[in-house]
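Trainee: got a predicted structure plus its sequence, pasted below:
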Amino acid sequence: EVQFVESGGGLAQAGGSLTLSCAASGFTKDINAIGWFRQAPGKEPEGVSCISISDSKTYYSNTVKGRFTISGDNAHSTVHLQMNSLKPEDTAVYYCCALVLVGGMEKGSWGQGTQVTVSS
């Protein structure tokens with residue numbers, strides 16, 4: 001099992017920046033990819049960004065591409081999301097998440113989330 005400790009959420013003004021961090025622990029060697037998804041009130045969850053453990057390839061949703069940057073260290077057991085040029089529509093609970101190999105199959109796992117609020 002993998003556990004996550006998320007930090008860095010809070011309040012920012014439009015155009016500002018925040019950095020989210022996530023430290024994964026437990027069976028981190030079984031993580032294939034790690035990143036973030038978000039959920040705004042009344043909306044479906046949205047994948048934001050992730051990084052592949054094997055080759056460090058990154059993925060960004062079109063809504064954040066060019067504004068957010070994901071990076072990892074400690075063999076990607078720690079991942080950061082630098083969020084620049086924030087918009088009010090970025091307001092959401094951000095969850096650190098990972099694809100974890102369990103019994104030969106990938107399983108999604110995520111933390112408790114951290115609130116990001118962007119004021120206009």
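Mentor: Happy to help now that I have it. Residues are numbered from 1 along each chain as shown.

Trainee: give me the nearest residue to Gly47, chain neighbours excluded.
Mentor: Once flanking residues are discounted, Gly47 sits nearest to Phe37: 4.9 Å by Cβ to Cβ, 6 or more residues apart in numbering. C-beta: built from backbone N, CA, C; applies to glycine.

Trainee: who are the contact partners of the residue nearest in space to the middle of the chain?
Mentor: The centroid of the chain falls nearest to Trp36 when counting by Cα atoms, centre = their mean (2.0 Å). By Cβ atoms under 8 Å, 6 or more residues apart in numbering, Trp36 lies in contact with 20, 22, 48-50, 70, 79, 81, 94-97.

Trainee: for the nearest residue to Leu101 once chain neighbours are set aside, give me its contacts.
Mentor: In space, and not counting its chain neighbours, Leu101 is closest to Asp30: 4.5 Å by Cβ to Cβ, 6+ apart. The contact partners of Asp30, by Cβ under 8 Å, 6+ apart, come to 2, 100-102.
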